[in-house]
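>>> sequence and predicted structure below; questions after.
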Amino acid sequence: MDDLLFYLALLLTLTVLLLSRLILSPPPKHPSNKSPPPSPPSLPLIGHLHLFKKPLHRTLSVLSLRYGPVLSLRVGSRPVLVVSSSSAAEDCFTKNDIAFANRPRFLAGKILGYDFTAPGWAPYGDHWRNLRRITTVGVYSTARVNSFSPIRSAEIRSIVKRFFARRSSSIDGGFTKVELKSVFFDLAFNVMMEMISGKKYHGEGATGSREEAEEFREIVEETFRLAAASNLGDFMPVLNLVGFLGLEKRLLRLRKRRDTFFERLIEEIRLKRKTGEAEKRETIIDVMLSLQESDAEYYTDDIIKGVISNLLSAGTDTTAVTTEWALSHLLNNPETLKKARNEIDTVVGHDHMLEESSLPNLPYLNDIIRETLRLCPAGPLLVPHESTEDGTVGGYYVPSGTMLLVNAWAIHRDSSLWEEPTKFKPERFQGGGVEGYKMIPFGSGRRRCPGEGLAMRLLGLTLGTLIQCFEWKRIGEEEVDMMEGPGLTMPKDKPLEAINSQSSAFCLRPPASPPPYGDHWRNLRRITTVGVYSTARVNSFSPIRSAEIRSIVKCFFAGRSSIDGGFTKVELKSVFFDLAFNVMMEMISGKKYHGEGATGSREEAEEFREIVEESFQLAAASNLGDFMPVLNWLGFLGLEKRLLRLRKRRDTFFERLIEEIRLKRKTGEAEKRTLFALAGTDTTAVTTEWALSHLLNNPETLKKARNEIDTVVGHDHMFEESSLPNLPYLNDIISETLRLCPAGPLLVPHKSTEDCMVGGYYVPSGTMLLVNAWAIHRDSSLWEEPTKFKPERFQGGGVEGYKMIPFGSGRRRCAGEGLAMRLLGLTLGTLIQCFEWKRIGEEEVDMMEGPGLTMPKDKPLEAMYRPWPYMVDVLCQL
Ligand code: HEM
């Protein structure tokens with residue numbers, strides 16, 4: 001029956017085309033007389049249709065190698081332009097961007113795209129612009145992407161939990177086999193559905209019913225099947241008249257199923273909104289319904305359904321497939337996987353799960369994702385565009401009404417643009433962005449993918465978490481097969497299977513005073529992570545840091561002199577100490593002891609300064625009794641007595657603080673902040689002092705930092721913490737300071753609880769471990785010109801391995817890194833933005849370290865400052 005229809009249709013088409021050839025005049029010439037692009041020989045009627053073999057991006061790539069990177073084809077009645085070079089792609093997305101901002105009107109767009117009103121199908125114009133605007137605000141903006149972060153985080157954790165529960169215990173060395181394609185699909189789908197409707201359909205905490213889930217999986221599968229099936233009628237419209245191959249009927253049936261499903265979802269939320277039961281987090285359907293409430297005529301249910309279905313089809317499979325490719329590449333490149341794990345170990349550690357907030361600090365992980373998108377772009381030919389005006393591409397004439405296929409896959413593998421183009425080598429992205437149009441996995445120009453930010457977050461979080469928590473290897477010796485199968489999003493031909501196991505880590509125990517490694521320590525680490533160090537808590541303390549640094553700037557500004565060219569001398573050691581101390585104390589108790597708005601008394605402040613000084617003095621004094629216990633019996637050097645006296649003073653001070661807050665809680669006056677142990681004051685203060693000292697000795701570096709701040713932050717408002725991720729050079733200055741002057745040069749002593757091997761040597765249980773970070777940071781086999789202050793060495797991202805460990809590593813890694821980096825960046829950035837700095841005289845700042853646990857400067861730093869004239873207005877308003 002189908003065959004009969006086919007021949008009938010062919011006959012009909014033949015007749016129509018022969019007639020049209022006779023009647024129609026030849027195509028108009030371009031006014032500039034430019035010739036059309038080269039084109040392979042074609043067949044009558046079908047044109048080049050017979051050349052459209054799958055995978056299409058590979059076939060077109062071979063044709064382009066033969067006929068050139070700008071290729072003209074004709075598929076039935078449709079002219080098609082295939083572009084396979086970055087310069088021709090640039091032509092399309094720059095000077096011809098508006099001309100090509102349209103989409104071809106395919107049958108699927110009419111039926112599944114709600115008569116071309118869904119964002120991905122809509123023609124370029126007011127309606128598309130409006131949808132792009134409202135979805136940018138309601139879905140893709142940073143604020144919205146951030147607000148959905150808990151959804152992504154919960155989803156990936158539930159997968160980790162499932163893998164962990166399913167792990168095999170002893171067989172296969174603890175490795176378990178797992179099929180990943182469906183895991184990644186369900187993950188992306190759940191994340192999308194929760195954003196859209198607040199419902200999730202798979203795994204722990206699913207709120208949608210099993211039947212609904214099954215129904216929707218079938219709908220999605222059928223959508224991809226039908227969208228991937230080339231509809232010949234799109235190229236020979238006459239075939240649509242005879243319902244070619246029944247595709248139209250299948251599309252209509254699918255649309256009905258999708259409608260029923262989406263309408264139920266919309267209705268549920270509409271009802272919840274009426275009864276005031278709406279979800280805490282505003283779903284995308286909520287956003288669309290609010291718009292409908294204000295303009296029911298324009299925001300019809302069809303428009304809402306179009307937005308939802310577009311998000312699901314554009315955002316689910318693309319992300320899932322990319323994750324699958326990325327892990328496949330890593331399994332075939334174990335060295336890359338190891339490097340990624342080292343980066344995660346160094347930056348995130350082992351005591352908490354990787355969070356999205358760490359992604360900006362994981363450049364190598366990011367490069368792995370980019371390298372995956374280069375080799376395996378989920379839209380290898382982007383999404384077809386169509387021109388609405390005549391134009392020129394690569395010097396050739398392209399008439400209006402031409403369908404454009406940009407072969408991103410071929411451009412990403414062009415050997416004139418990329419070295420060893422088929423090799424998986426994330427290192428090629430080190431050193432920052434890629435210029436031009438050689439890397440376009442998300443397209444470019446007006447119709448560029450709006451979901452890039454969302455996709456990159458989910459990709460980073462998923463891959464990072466899986467690498468952090470599990471060790472991965474291939475099923476056998478053989479490499480993972482990297483052939484692509486048929487389908488729109490360039491899926492893997494063979495679904496990925498791999499093996500994971502819980503990754504293990506080497507863990508040592510510290511000496512007596514801080515709690516030993518074990519349940520109690522783990523519990524403290526857990527509660528302080530939640531209460532102090534988590535991104536949410538670090539963020540919540542941001543106003544404290546901001547107010548503190550502003551109060552210092554205000555003080556400097558008020559104290560400026562007019563003589564000496566407006567430069568004023570200032571002693572900075574105590575300024576930095578008081579700053580760090582105030583910030584810590586405010587976090588701990590809600591009290592501050594120095595400067596404007598101090599609430600603690602002067603006596604208390606003085607008492608505490610003495611306590612801190614005495615604590616550091618005593619902790620730094622080597623107690624020989626710790627190494628020869630017999631000496632403790634003799635009360636060696638009276639150290640024990642001094643420690644006991646100090647403990648009493650500290651106890652009195654802390655107990656008073658706790659009691660004050662306990663009382664406030666009873667009387668309902670409790671501060672929102674929680675009370676935790678004091679840490680991090682001196683370390684942060686000393687590092688700030690070293691950083692500014694280095695800058696004073698390296699005026700060129702200081703200038704470069706100022707230029708960066710001028711460009712990114714400007715002069716019309718005070719520096720804020722939110723700018724820090726955009727100031728890589730400032731960050732590199734801090735890294736370089738921590739390399740040369742780590743505030744814990746020997747880290748903090750560890751102690752082993754098991755016999756183990758280190759560097760091939762046997763180390764018995766009970767051994768104290770001192771890791772000389774200071775020496776490692778200056779090892780000339782690891783660092784070029786190791787004693788030179790050169791922040792540029794960090795350009796291009798993270799440092800692999802263990803050559804940079806100012807915060808330690810492993811389970812006992814410093815928990816306060818995030819907090820410290822914020823305060824360091826904010827302090828240094830603000831001081832550079834507001835003031836000009838110079839040394840007291842010609843002589844360089846003395847860089848000798850003095851005695852003490854935190855590697856303080858031997859001579860406290862003094863410097864000269866004067867306000868930048870262009871900052872005076874802002875400073876006057878403080
Ligand atoms: C790895 C993941 C992804 C890749 C590689 C990708 C790639 C692309 C590409 C190549 C295009 C066509 C650009 C063009 O026409 O020139 C596109 C369009 C689009 N993408 Fe993505 N995408 C991804 C994830 C997402 C996500 C997560 C969403 C939504 C949540 C999304 C929503 C869209 C939409 C709505 C369009 C149509 C834009 C328009 O026509 O105006 N994408 N994407």
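Noted; the coordinates are in hand.
>>> for the rest of this, base every contact and every neighbour count on C-alpha atoms.
Noted.
>>> S153 - that's part of a helix, no?
Yes: counting by DSSP: H, G, I helix; E, B strand; the rest coil, S153 is part of a helix.
>>> tell me the contacts of it?
With contact taken as Cα atoms under 8 Å, 6 or more residues apart in numbering, S153 is in contact with 355-356, 461.
>>> can you check L463 too?
Contacts for L463 (Cα under 8 Å, 6+ apart) come out as 323, 326-327.
>>> out of those residues, who's nearest the ligand?
Proximity of the contacts of L463 to the ligand (Cα to the nearest ligand atom) peaks at T323, which lies at 8.0 Å.
>>> closest point of the stretch 101-250 of the chain to the ligand, which residue?
Counting by Cα to the nearest ligand atom, the stretch 101-250 of the chain gets nearest the ligand through G120, at 3.5 Å.
>>> my guess is that residue meets L312, correct?
No: with contact defined as Cα atoms under 8 Å, G120 does not count as touching L312 (11.4 Å).
>>> so between the two, which is more surrounded?
G120 (25 against 18; other Cα atoms under 10 Å).
>>> can you classify G841 by secondary structure?
With three-state DSSP as the basis, G841 sits in coil.
>>> mind checking pLDDT for H715?
On the pLDDT scale, H715 is placed at 88.
>>> ugh, typo on my part, it should be R257
Note on R257: pLDDT of 92.
>>> any idea which element it lies in?
Using DSSP states H and E, the element containing R257 is helix 247-274.
>>> quick check: which helices or strands does that helix pack against?
Applying 3 or more Cα pairs under 8 Å, 6 or more residues apart in numbering; DSSP states H and E, one finds that helix 247-274 contacts helix 107-111, helix 181-197, helix 210-228, helix 284-294, helix 301-332.
>>> which residues touch stretch 836-848?
By Cα under 8 Å, 6+ apart, stretch 836-848 touches 569, 693-694, 696-697, 857-859, 861-868.
>>> just the buried ones among the residues you listed, please.
Among these, those that count as buried by neighbour count (16 or more other Cα atoms under 10 Å) are 569, 693-694, 696-697, 857, 861-867.
>>> just give me the closest of the residues you listed to the ligand.
Using Cα to the nearest ligand atom, those come closest to the ligand at H694, 42.2 Å.
>>> now A101. Nearest residue, chain neighbours left out?
Excluding the flanking residues, the one nearest A101 by Cα to Cα, 6 or more residues apart in numbering is Y124, at 5.7 Å.
>>> tell me the SS of the one you found?
coil.
>>> so where's the stretch 401-550 of the chain uncertain?
Low-confidence regions of the stretch 401-550 of the chain, defined by pLDDT under 70, span residues 486-489, 500-541.
>>> dead centre of this structure: give me the residue that sits there.
Nearest to the geometric centre of the chain sits L359, at 4.0 Å (Cα atoms, centre = their mean).
>>> isn't that residue up against G460?
Yes: between L359 and G460 there is a contact under Cα under 8 Å: 6.7 Å.
>>> the spatially closest residue to V183 that is not a sequence neighbour and W128, how far apart?
Residue nearest to V183 in three dimensions, not counting chain neighbours: I159, with 8.0 Å by Cα to Cα, 6+ apart. Relative to W128, I159 is positioned 37 Å away (Cα to Cα, to the nearest Å).
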